[in-house]
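coordinates for the following, if possible.
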Amino acid sequence: MFDVPVDAWYVYLGLAVASGATVTLAGAMPAAAPPDATGAARTVDSVAASQHASVGSHPLADADAVRVGADTLSLRGPGGTTHAGLGYGPVVLAPEGTPLGGVLRGEPPEQVFTSPARFERAVADRRATDPTWYRTDRLLVRRVTWEGTDVVLVG
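All right, here's what the predicted structure looks like:
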């Protein structure tokens with residue numbers, strides 16, 4: 001009555017395959033949640049939508065690196081990579097250690113650049129470069145207007 005039929009070997013084989021697949025799938029799941037690119041993009045959009053010079057900051061505690069394009073923002077972390085589109089743009093990446101990075105961190109553009117034309121040229125040059133990954137723990141956004149150049153800097 002409690003004996004297993006001899007021809008039920010395929011049931012055991014199927015059960016072993018299903019168990020192995022379940023263990024493999026569970027091991028492939030990321031240990032952490034992916035970073036929140038949508039929240040960071042909302043911060044950029046809120047500053048970009050402003051009619052006046054403004055500043056915003058967004059912590060990136062769950063992201064290891066950020067990539068900022070003219071109209072996209074990507075975050076990479078232990079849980080994977082996420083992307084979000086920007087509703088207002090184009091934005092310009094202003095990495096730390098560059099003149100645009102100084103303006104992003106609060107220096108007036110007239111103290112960093114010798115003329116409005118040089119500021120406009122730096123913005124155009126940065127827009128022409130391909131987006132790359134940068135390590136950071138927070139996203140800083142600043143809208144700057146100087147002598148006809150209106151730009152949203154992100155870094």
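
quick check: closest non-adjacent residue to residue 78.
Leaving aside its chain neighbours, residue 78 sits nearest to residue 32 (4.3 Å; criterion: Cβ to Cβ, 6 or more residues apart in numbering). The way it works is simple: take the backbone N, C-alpha and C, and place the C-beta from them, glycine included.

just checking, the one you found touches residue 76?
No - using Cβ atoms under 8 Å as the test, residue 32 is too far from residue 76 to be in contact (11.8 Å).

quick one: which of these two has more around it?
Per other Cβ atoms under 10 Å, whichever of residue 32 and residue 76 has more neighbours is residue 76, with 19 against 10.

any stretches of the protein with poor pLDDT?
By pLDDT under 70, the weakly predicted segments of the chain are 1-9, 26, 28-31.

can you give me the helices for this structure?
With helices called from DSSP state H, the chain shows them at 9-28, 37-48, 99-104, 109-112, 116-128.

in a markdown table, list these along with distance to residue 61.
Output for the helices of the chain, formatted as a markdown table (distance: least, Cβ to Cβ, whole Å):
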| stretch | distance to residue 61 |
| --- | --- |
| helix 9-28 | 25 |
| helix 37-48 | 11 |
| helix 99-104 | 20 |
| helix 109-112 | 30 |
| helix 116-128 | 27 |
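
for those helices, which one sits closest to residue 68?
The closest of those to residue 68 is helix 37-48. By Cβ to Cβ, the value is 8.2 Å.
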